[in-house]
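Engineer: based on what follows, work out the 3D shape:
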Amino acid sequence: MISPRNWKRLHAAACAGILCGILAATLAPFNPNPQNNVAWLRDVDGLRFGERGTLISSRPFAAPGPTGGAACTMEIWAQAASPRNTGTLLGYYSPEDPASFAIRQYKQGLDIRRALRSAFGETGVTNMVVDVFHPGGPSFFALTANAHENFAYVDGALAERSSRLAPFCSDLTGWLVLGTSPVADFGWTGSLRGMAIYTRALSAAEVLEHFHSWTKTGRPVLSGGEEPVALYLFDERSGSVVHNRAGSGPDLAIPDHYLILDKPFLETPWHEFKPTLDYLFDALVNVAGFVPFGFIFYSYFSTVRRFQRARGLTLLLGFLLSLTIEILQAYLPTRGSGMTDVITNTLGTALGALMFRWPALQALYSRLGIPVLQ
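Structural biologist: Okay, here's the model as predicted:
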């Protein structure tokens with residue numbers, strides 16, 4: 001038999017423990033300005049991106065050339081930390097078009113993604129995946145485009161030819177973010193040795209020539225017709241600025257702290273939804289994480305406080321707690337802020353309250369002499 005005093009003490013400790021556990025799991029460590037894990041390589045030119053590191057252009061990129069963005073080439077000389085990782089290597093951002101173009105690592109490949117838009121907003125994403133990374137050293141990746149086709153080269157050799165992205169060159173405008181997504185904590189780990197952007201589509205022979213010059217001398221041999229918008233050699237070896245060595249594009253800056261350029265605040269469920277197993281797993285975890293909260297707090301309100309509307313009060317507290325967490329997470333670069341979590345957390349609270357009223361548990365309460373409102 002549990003005495004009323006011990007039952008009350010037990011509940012107070014359980015409620016405090018559940019509340020502290022949820023806050024620790026969702027907010028700790030509460031650091032709005034985490035360290036930016038970007039460092040210069042020691043023996044060669046380049047930057048190393050650790051977990052949660054970012055590099056941002058000092059100003060937005062303008063439209064890439066007099067052709068209106070119909071043709072361009074992007075060269076990236078990089079090495080992934082692991083061929084099994086995922087993360088955003090680079091992305092462009094503008095307030096009007098937050099995620100127009102991005103290149104993400106997907107295991108040993110690069111997933112080049114371009115948002116499709118209409119007068120009604122974003123209608124989908126078109127992408128092209130190319131195997132790029134290999135163990136033992138950096139890889140040289142070049143992506144060219146004209147008005148009709150895209151050509152992807154790896155170490156100077158043609159790897160993919162497609163029309164799925166063309167024309168993507170007009171999307172290379174706005175702020176350039178390297179090492180993570182401009183709108184989410186989706187970091188890339190590895191080293192970046194060089195990068196260049198040109199306002200025309202280089203030929204296969206020019207890409208091969210650039211591959212040899214990048215890998216031998218650390219810079220491309222420009223014949224005079226490439227018209228680079230930006231050329232980043234990463235040869236500073238110190239400081240917080242990567243200088244643009246050619247063209248009209250901006251320099252790159254290493255921020256003092258890791259940051260997300262435009263992190264969503266309480267993102268809507270239809271924007272958060274992804275038809276993936278990871279999304280389903282996260283939703284189930286968020287439901288399960290609040291089941292103990294619903295169980296313990298409903299038990300407290302119905303057996304200790306003896307409230308007539310214990311279930312409704314429990315659901316309200318679960319909703320308010322989740323909403324508060326999501327609001328606070330909007331100020332943490334390493335956390336997401338969305339209404340999907342509020343919905344799943346509230347559902348978990350409801351399930352926990354329902355579990356407390358299971359007949360088998362009701363019989364146990366009776367044997368222990370615990371008064372439960374019917």
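
Engineer: tell me the mean pLDDT for the helix or strand where Arg367 lies?
Structural biologist: Take DSSP states H and E as the rule and Arg367 turns out to sit in helix 359-368. Average pLDDT, helix 359-368: 69.

Engineer: tell me the pLDDT at Ala115?
Structural biologist: Looking at Ala115, its pLDDT is 79.

Engineer: likewise Gly65?
Structural biologist: At Gly65, pLDDT is 52.

Engineer: please, where are all the helices along the stretch 101-250 of the chain?
Structural biologist: 204-217 (DSSP state H, counting those that start in this stretch).

Engineer: now stretch 333-353: buried residues?
Structural biologist: Residues 333, 335-350, 352-353 are the ones in stretch 333-353 that count as buried (16 or more other Cβ atoms under 10 Å). Glycine gets a C-beta too; all of them are placed from N, C-alpha and C.

Engineer: likewise for stretch 34-47?
Structural biologist: For stretch 34-47, by 16+ other Cβ under 10 Å, it's 36-38, 40, 45-47.

Engineer: ok, stretch 157-170 next?
Structural biologist: Neighbour-count burial for stretch 157-170 flags 159-160, 162, 165-170 (criterion: 16+ other Cβ under 10 Å).

Engineer: low-confidence stretches in the stretch 51-200 of the chain?
Structural biologist: Low-confidence segments of the stretch 51-200 of the chain (pLDDT under 70): 63-69, 116-124.

Engineer: what number of residues lie near Tyr300?
Structural biologist: Tyr300 has 22 neighbours, counted by other Cβ atoms under 10 Å.

Engineer: excluding chain neighbours, what is closest to it?
Structural biologist: Nearest non-adjacent residue to Tyr300, counting by Cβ to Cβ, 6 or more residues apart in numbering: His11, 4.5 Å away.

Engineer: ok, the one you found touching Phe301?
Structural biologist: No - when contacts are counted by Cβ atoms under 8 Å, His11 is not listed as touching Phe301 (9.5 Å).

Engineer: and those two? Which one has more around it.
Structural biologist: More crowded of His11 and Phe301, by other Cβ under 10 Å: Phe301, with 23 against 18.

Engineer: return the residues in contact with Ala350.
Structural biologist: By Cβ atoms under 8 Å, 6 or more residues apart in numbering, the contact set of Ala350 is 294, 315, 318.

Engineer: on the three-state scheme, it is what?
Structural biologist: helix (DSSP: H, G, I helix; E, B strand; the rest coil).

Engineer: and Ala39, by the same measure?
Structural biologist: Secondary structure for Ala39, judged by three-state DSSP, is strand.

Engineer: what about the strands in the stretch 151-300 of the chain?
Structural biologist: Here the stretch 151-300 of the chain has its strands, by DSSP state E, counting those that start in this stretch, at 157-162, 175-178, 190-198, 228-232, 241-242, 252-253.

Engineer: centre of the chain versus the third one, how much separation?
Structural biologist: For strand 190-198, the gap between its own C-alpha mean and the chain's C-alpha mean amounts to 20 Å (Cα atoms, centre = their mean, to the nearest Å).

Engineer: relative to strand 228-232, how tilted is that strand?
Structural biologist: Angle between the axes of strand 190-198 and strand 228-232 is 160 degrees (criterion: axes from the mean of the first three to the mean of the last three Cα atoms, to 10 degrees).

Engineer: tilt between strand 190-198 and helix 204-217?
Structural biologist: Using the same axes, to 10 degrees: strand 190-198 against helix 204-217 is 140 degrees.
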